[in-house]
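**Q** Mind folding the following:
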Amino acid sequence: MLKEIIIAIESYFKAHQFIREHKLWRWIIIPGILYMILFMTGMYFFLGSSNTAVNYFSNVIGIDHWLQEQKNPLLNFLFVMGNIMVRLLLVFFYFSLFKFMFLIVGSPLFAYLSEKTESILENRDYPFSFKQLLKDILRGIRLAVRNMLWQTVYTISILILSFVPIVGWVSPMLSLFSECYYYGFSMVDYSCERRKLSPADSIKFITDHKGLAIGNGLLFYAMHAIPVIGWILAPSYAVVAATLSVRQLENK
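**A** Next comes the predicted model:
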């Protein structure tokens, strides 16, 4: 799996060269700007609402008053750490819902960009078919909903784990890898669909090569550390990189 993660990460650098060489910027910038606007708007409202929710439940439970009565530095430290873990998980959970919404809305463009990348690699054209495009959109929506349900189950389980002192500190890392896997899953599936794999076969392929999905999602999230530029480039770079990584895996 580690080797496949490395392949997926290297594919992002290859994707940058590929996009420059074949002048695909218009397919990168336009959806990227839309993604950035949605991302910034969503994060603004979410951060405010999440703080309100955490503070509300803390007051209802009465944990702050109880900690003041105990006057125990260790308990205060554990509560602060737990509070941080819960807030991080809420951010990841929001990102998960936002991600799936964007994948559903952007599925036509992502499917086209993946197909465009493969057509350049194979030096042949894929004839446009509205019927096939509609089929790709419906497939993308079904898999996005399926992945969203599974990831929600995992997120709730990880959220419960986060309340366990010390052990729960690993919960944000578990949530991050879950996020990376399910985002990369959607990116890799565009290549699977073009190879006429059924949704069940695609799930099996990605499960067997989960390193490709995790590595793809990992770089996607890492690019968010670069404000504005990273937010604009991340979605479409992930599509091109996933297409290149699947090709590289096949060639090996």
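**Q** tell me the contacts of residue 28?
**A** With contacts defined as CB atoms under 8 Å, 6 or more residues apart in numbering, the neighbours of residue 28 are 19, 232, 233, 236, 237. Just so you know, the C-beta spots here come from the backbone N, C-alpha and C atoms, and that holds for glycine as well.
**Q** Ok, residue 103 next?
**A** Going by CB under 8 Å, 6+ apart, residue 103 touches 110, 140, 144, 183, 186.
**Q** Identify the farthest-apart pair in these.
**A** Between all members of the contacts of residue 103, the longest pairwise span (CB to CB) is found for 140 and 183 and amounts to 12.9 Å.
**Q** Considering only helices and strands, which part of the chain has the lowest mean pLDDT?
**A** Each helix and strand of the chain was given a mean pLDDT (mean pLDDT, DSSP states H and E); the minimum falls on helix 63-70 at a mean of 60.
**Q** Go through the contacts of residue 103 and flag which are in helices.
**A** Among these, the residues falling in helices (DSSP state H) are 110, 140, 144, 183, 186.
**Q** Quick check: chain neighbours aside, which residue is closest to the first one?
**A** What it means is residue 110. Among residues not flanking residue 110 along the chain, residue 239 sits closest, at 5.0 Å (CB to CB, 6 or more residues apart in numbering).
**Q** these two touch, right, the one you found and residue 113?
**A** Yes. In terms of CB atoms under 8 Å, residue 239 counts as a neighbour of residue 113; the distance is 4.9 Å.
**Q** Who has more neighbours out of the two?
**A** Neighbours of residue 239 and residue 113, each counted by other CB atoms under 10 Å, are more numerous for residue 239; the result is 30 against 23.
**Q** Which strands or helices does whichever strand or helix holds residue 203 pack on?
**A** Residue 203 is part of helix 199-208 when elements are defined by DSSP states H and E. Judged by 3 or more CB pairs under 8 Å, 6 or more residues apart in numbering; DSSP states H and E, helix 199-208 is in contact with helix 130-162, helix 171-194.
**Q** pLDDT weak spots in the stretch 51-200 of the chain?
**A** Low-confidence segments of the stretch 51-200 of the chain, defined by pLDDT under 70, span residues 51-86, 89, 92, 95-96, 126-130, 132-133, 162-163, 165-168.
**Q** Among the ones in helices among the contacts of residue 103, which one has the most neighbours?
**A** residue 183 (29 neighbours).
**Q** which ones are touching that residue?
**A** Listed by CB under 8 Å, 6+ apart, the contact partners of residue 183 are 99, 103, 213, 216, 217, 220, 221, 238.
**Q** can you pick the most crowded of those residues?
**A** Compared across the contacts of residue 183, residue 216 has the highest neighbour count, 31 neighbours, by other CB under 10 Å.
**Q** I figured that residue hits residue 244, correct?
**A** No. The pair formed by residue 216 and residue 244 falls short of the contact definition of CB under 8 Å, at 10.2 Å.
**Q** any residues in contact with both of those two?
**A** What both residue 216 and residue 244 touch, as defined by CB under 8 Å, 6+ apart, is the set residue 11.
**Q** Quick check: pLDDT value at the residue nearest to residue 33 when sequence neighbours are not counted.
**A** In space, not counting the residues next to it along the chain, residue 33 is nearest to residue 232; the distance is 6.0 Å by CB to CB, 6+ apart. At residue 232 the predicted local confidence, pLDDT, stands at 90.
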